[in-house]
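Enquirer: turn this into a model:
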Amino acid sequence: MERTVEASQLTALTIERLLQFAKQNGLIEQLDVYTSRNALLDLFGLAEPYAGEVPDEKLSSPVSLLEDLLDAAFEAGLLEENTATYRDLLDARIMGLLMPRPSEVVNQFWNTAKTSGVEAATNYFYKQSIDSNYIRMDRIQKNEYWLAGTAYGDLEITINLSKPEKDPKEIALLKTLPQSSYPACLLCADNLGYAGRVNHPARQNLRFIPLELDNEKWYFQYSPYVYYNEHSIIFHEKHIPMKTTPNTFYRLLDFIDQFPHYFIGSNADLPIVGGSILNHDHFQGGRHQFPMEKAPSEQTFANAEFAGVKAAIVKWPMSVIRLSGHNKQQLYKLASKLLEDWRAYSDAEADVLAFSEKDGQRIPHNTITPIARNNARGEYELDLVLRNNRTSAEHPDGIFHPHQHLHHIKKENIGLIEVMGLAVLPGRLQEELADIAKILTGEADFGSAIREETAHPLHKHAAWIEAMIAKHGAALTADGAKAVLQEEVGSKFMDVLLDAGVFKRDEAGQAAFERFLIAAGFAQQQ
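Expert: Sure, this is the predicted structure:
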């Protein structure tokens with residue numbers, strides 16, 4: 001596609017402005033400007049750079065410049081389609097030409113940690129991940145977020161709007177693409193510098209930091225779609241399945257020794273109660289205080305074999321044992337014992353069965369979602385969330401999983417982030433809640449179509465809408481409707497967590513919780 005001289009000059013100027021941004025933010029040094037400029041000129045098919053005056057400016061983000069370059073790329077025929085996916089592929093390629101080499105980032109990280117402390121090192125690395133547009137803050141800022149007061153404290157609610165939806169053409173194209181096993185998954189080290197394809201994101205602007213956990217090589221990076229502050233991924237160098245073992249606890253404690261200002265946790269290692277990527281062993285960490293961390297202990301216990309470790313049941317919708325103490329080895333050994341005891345534990349009265357039989361095979365059902373942090377008393381602290389993935393005829397999606405009456409709000413697995421009290425809700429809810437708000441203000445009718453037509457986007461919410469109208473009426477102000485909906489969604493998320501709790505929050509459930517702890521060698525303290 002032929003470009004005018006004016007269009008070429010505008011693109012060349014945008015390249016210079018992007019180079020200026022990269023230099024100001026430490027992505028490149030002065031000497032790197034030459035190679036980065038020439039690489040970008042080559043990418044855009046330009047014979048020479050901009051010759052005029054470049055405005056002296058300080059931009060907080062490269063996004064506006066990148067959007068202009070991507071528009072120019074489409075006009076010049078460099079994009080196959082002007083869709084979010086193709087734009088993202090080129091976006092990462094552009095920023096990849098403005099990045100220090102991976103080894104340089106690693107050296108800078110550890111040099112900063114040595115001279116100024118590990119917190120300064122993570123500050124540097126997090127900022128670089130944002131400045132390189134690897135973390136898409138422009139999209140993340142579109143997510144809806146609020147706090148919802150409940151009997152278990154303020155829960156955090158987010159509606160995830162940061163991941164762009166696939167264009168229908170791309171969805172059709174995906175069905176025709178040949179399958180590729182490279183990289184094996186989104187967490188493999190092979191993603192470093194990968195150009196991407198329509199069904200796999202480009203990663204030229206990805207960087208990660210090697211570290212050792214329990215004498216094994218792991219890598220530390222940030223999530224491109226951060227759900228909370230400094231949302232980190234810590235993944236094994238090898239593509240091996242997730243497995244919760246005693247080594248898991250040691251690795252978590254090892255990490256918070258090296259990164260004392262971060263928490264770290266792991267999704268459970270079984271389907272239904274586990275995370276979305278079970279085929280590559282990994283943890284999630286970051287600098288954020290989740291609602292579960294703020295939840296108080298409500299019953300304390302002691303185990304005579306581990307006198308240096310305090311244990312407690314946490315006042316939380318799910319079943320959480322909190323261990324704390326200064327002795328890392330004792331904490332590790334007690335957590336390992338609890339994992340072993342829980343994997344083998346059954347209590348039919350509480351619907352907890354450790355195993356079932358299928359086709360002559362013994363299927364395990366019990367596992368743990370673990371979280372580690374350094375607490376305000378300077379102790380190691382482990383939260384062990386008991387999980388069970390059994391299903392039944394009544395609850396085919398999981399007995400300890402959001403039950404069907406809550407699926408209109410949340411149907412997906414309750415992974416580590418939700419367990420700790422941050423709801424990651426589907427993007428569809430933004431429009432659906434806006435339409436429900438119109439009903440609660442009287443701007444729209446609660447018509448028969450919503451109740452009767454299963455294809456109607458609000459049909460799944462019909463019973464919930466009816467209950468809200470009965471309680472609050474249909475003449476609320478816009479702000480009043482918003483407040484009601486935020487409170488109601490928070491209440492639904494609390495119910496989601498209550499469903500996922502193995503030992504229920506009633507008298508019988510808490511008695512069952514105590515039975516397990518007594519079986520595991522604990523005695524309740526007065």
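
Enquirer: low-scoring pLDDT stretches of the stretch 351-500 of the chain, where are they?
Expert: Counting by pLDDT under 70, the stretch 351-500 of the chain shows no low-confidence range.

Enquirer: can you show me the helices along it?
Expert: Using DSSP state H, counting those that start in this stretch, the helices of the stretch 351-500 of the chain run over 416-419, 428-441, 448-452, 462-472, 478-500.

Enquirer: ok, residues contacting the second one?
Expert: Going back to what we said before, that points to helix 428-441. Identification of contacts with helix 428-441 by C-beta atoms under 8 Å, 6 or more residues apart in numbering yields 144, 159, 161, 409, 444-446, 457-458, 461, 465, 468-469, 472-478, 480-482, 484-485, 489. Backbone N, C-alpha and C define where each C-beta goes, glycine included.

Enquirer: just the buried members of these?
Expert: Buried subset of the contacts of helix 428-441 (neighbour count, 16 or more other C-beta atoms under 10 Å): 144, 159, 161, 409, 446, 458, 461, 465, 468, 472, 474, 476, 481-482, 484-485, 489.

Enquirer: now name the helix or strand holding residue 186.
Expert: Under the criterion DSSP states H and E, no helix or strand holds residue 186.

Enquirer: may I have the phi/psi pair for it?
Expert: phi -70, psi -10 (degrees, to the nearest 10).

Enquirer: residues near it, how many?
Expert: Using other C-beta atoms under 10 Å, residue 186 is surrounded by 16 other residues.

Enquirer: residue 267 too?
Expert: Per other C-beta under 10 Å, the neighbour tally for residue 267 reads 26.

Enquirer: surely it meets residue 275?
Expert: Yes. Taking contacts as C-beta atoms under 8 Å, residue 267 lies within contact range of residue 275: 3.1 Å.

Enquirer: common neighbours of those two, please.
Expert: Contacts common to residue 267 and residue 275, judged by C-beta under 8 Å, 6+ apart, are 242, 415-416.

Enquirer: of those, which is the most crowded?
Expert: Neighbour counts for those, by other C-beta under 10 Å, peak at residue 416, which reaches 22 neighbours.

Enquirer: gap between the nearest residue to residue 344 once chain neighbours are set aside and residue 259?
Expert: Setting aside the residues directly before and after it, residue 344 is nearest to residue 354 in space (C-beta to C-beta, 6 or more residues apart in numbering), at 5.5 Å. Distance check for residue 354 against residue 259: by C-beta to C-beta, to the nearest Å, it reads 34 Å.

Enquirer: which of those two has more neighbours?
Expert: Neighbours were counted for residue 354 and for residue 259 using other C-beta under 10 Å; residue 259 has more, 23 against 17.

Enquirer: wait, the more buried one sits on residue 118?
Expert: Yes. Taking C-beta under 8 Å as the definition, residue 259 is a contact partner of residue 118 at 5.9 Å.

Enquirer: mean confidence (pLDDT) on the helix or strand that contains residue 19, please.
Expert: Using DSSP H and E, residue 19 sits within helix 5-24. Mean pLDDT, computed over helix 5-24, is 95.

Enquirer: buried ones in the helix or strand just after that helix?
Expert: Next along the chain after helix 5-24, taking DSSP H and E as the criterion, comes helix 30-43. Neighbour-count burial for helix 30-43 flags 32-33, 36-37, 39-41, 43 (criterion: 16+ other C-beta under 10 Å).

Enquirer: which strands or helices does the helix or strand that helix 30-43 is followed by pack on?
Expert: Going down the chain from helix 30-43, the next helix or strand is helix 63-75, by DSSP H and E. Contacts defined by 3 or more C-beta pairs under 8 Å, 6 or more residues apart in numbering; DSSP states H and E place helix 63-75 against helix 5-24, helix 84-96.

Enquirer: just name the most buried of those helices.
Expert: helix 84-96 (a mean of 20; mean count of other C-beta atoms under 10 Å).

Enquirer: pLDDT on that helix, on average?
Expert: Helix 84-96 shows a mean pLDDT of 96.

Enquirer: contacting residues around that helix?
Expert: Residues outside helix 84-96 that contact it (C-beta under 8 Å, 6+ apart) are 18, 40, 43, 62, 66, 69-70, 73, 78-80, 132-134, 164-167, 170, 193, 195-198, 201-205.

Enquirer: which parts of stretch 58-66 are buried?
Expert: Using 16+ other C-beta under 10 Å as the test for burial, stretch 58-66 gives 62, 65-66.

Enquirer: okay, those in TSV with distance to residue 376 and pLDDT next?
Expert: Shown next, in TSV, are the buried residues of stretch 58-66 (distance: C-beta to C-beta, whole Å; pLDDT from 0 to 100):
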residue	distance to residue 376	pLDDT
62	38	97
65	43	98
66	41	98
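
Enquirer: quick check: residue 220 touching residue 230?
Expert: No. Contact between residue 220 and residue 230 fails when scored by C-beta under 8 Å: they sit 11.0 Å apart.

Enquirer: of those two, who's got more company?
Expert: Set residue 220 next to residue 230 and count neighbours by other C-beta under 10 Å: residue 220 wins out with 23 against 19.

Enquirer: how about the secondary structure of that one?
Expert: Per DSSP: H, G, I helix; E, B strand; the rest coil, the local secondary structure of residue 220 is strand.

Enquirer: for it, give the beta-bridge partners.
Expert: Under DSSP bridges, the beta-bridge partners of residue 220 are residue 209, residue 234.

Enquirer: show me the contacts for it.
Expert: 208-211, 232-234.

Enquirer: show the buried residues in those.
Expert: Buried members of the contacts of residue 220, counted by 16+ other C-beta under 10 Å: 208-209, 211, 232-234.

Enquirer: determine which two of those are furthest apart.
Expert: For the buried ones among the contacts of residue 220, the maximum inter-member distance is 12.4 Å, found between 211 and 233 (C-beta to C-beta).

Enquirer: distance of the closest residue in space to residue 33 that isn't next to it in sequence from residue 79?
Expert: What sits nearest to residue 33 in space, not counting adjacent residues and going by C-beta to C-beta, 6+ apart, is residue 19, at 5.5 Å. Residue 19 is 22 Å from residue 79, where distance means C-beta to C-beta.

Enquirer: kindly export stretch 277-289 (C-alpha atoms) in CSV.
Expert: Provided in CSV are the C-alpha atoms of stretch 277-289 (Å, rounded to 0.1, in the frame of the first residue of the first chain):
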residue,chain,number,x,y,z
ILE,A,277,-2.9,-23.8,34.0
LEU,A,278,-2.3,-27.1,35.7
ASN,A,279,0.3,-28.4,33.2
HIS,A,280,3.1,-26.1,34.3
ASP,A,281,4.1,-25.8,38.0
HIS,A,282,3.9,-22.2,39.1
PHE,A,283,3.0,-19.8,41.9
GLN,A,284,1.5,-16.4,42.0
GLY,A,285,2.8,-13.6,44.2
GLY,A,286,2.8,-9.8,44.6
ARG,A,287,2.5,-6.8,46.9
HIS,A,288,-1.1,-6.7,48.0
GLN,A,289,-3.0,-7.4,51.2
